[in-house]
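Trainee: any chance you could fold what I've pasted below:
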Amino acid sequence: MDAADLIEIHQLMGNYGHIIDERQWSRIRELFTEDAVYDLTPMGGRVYSGPDEILDFWKDPATNHPLAHHVTNVVVTEDDDGTVRVVSKVISHRVGGGGSAMYRDVVRRTPQGWRMAVRVAHRKTPDNIPAPS
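Mentor: This is a model prediction of the structure:
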């Protein structure tokens, strides 16, 4: 990967927060591949497949979206087989509080640019903080 790829991947991570927080649903394909997997099982949710299923979840009035996602600490790595992984943290704000989570993504270059192929969300709680090594 070159610097342009890294910048585009960082933009992708940042755009996720802006698109979801501003409810710009028509832009979902700027974020995900057509075969994307959006895994919320570590947070007690389920797995959603493809942008249309993700969008249905996002648009559901029962979905409890935070007021804001602040994506930080973005680290991009490339495996020996060419798989590009991104780990980032998110600080979210809700009425009455907020929290922190971690995203673990696999991103893929498409003809339209870099997109998330796999996104797994992990909520940070006092119970799942690793012990010091």
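
Trainee: please enumerate the strands of this protein.
Mentor: For the chain, applying DSSP state E gives strands covering 32-39, 47-49, 68-78, 84-94, 97-110, 113-123.

Trainee: what comes into contact with the fifth one?
Mentor: Identification of contacts with strand 97-110 by C-beta atoms under 8 Å, 6 or more residues apart in numbering yields 5, 9, 12-13, 33, 43, 66, 71, 83-92, 114-124. All C-beta spots, glycine's among them, are computed from the backbone N, C-alpha and C.

Trainee: parallel or antiparallel, which strands does it pair with?
Mentor: Here strand 97-110 is paired, per DSSP bridges, with strand 84-94 (antiparallel), strand 113-123 (antiparallel).

Trainee: if we can go back for a sec, buried ones among the contacts of strand 97-110?
Mentor: 5, 9, 12-13, 33, 66, 71, 84, 86, 88-92, 114-123 (16 or more other C-beta atoms under 10 Å).

Trainee: returning to that earlier point: pipe the strands of the chain into a markdown table and attach distance to Gly17 and mean pLDDT per row.
Mentor: Formatted as a markdown table, the strands of the chain follow (distance: least, C-beta to C-beta, whole Å; pLDDT from 0 to 100):
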| stretch | distance to Gly17 | mean pLDDT |
| --- | --- | --- |
| strand 32-39 | 14 | 98 |
| strand 47-49 | 18 | 98 |
| strand 68-78 | 4 | 94 |
| strand 84-94 | 7 | 92 |
| strand 97-110 | 10 | 92 |
| strand 113-123 | 13 | 95 |
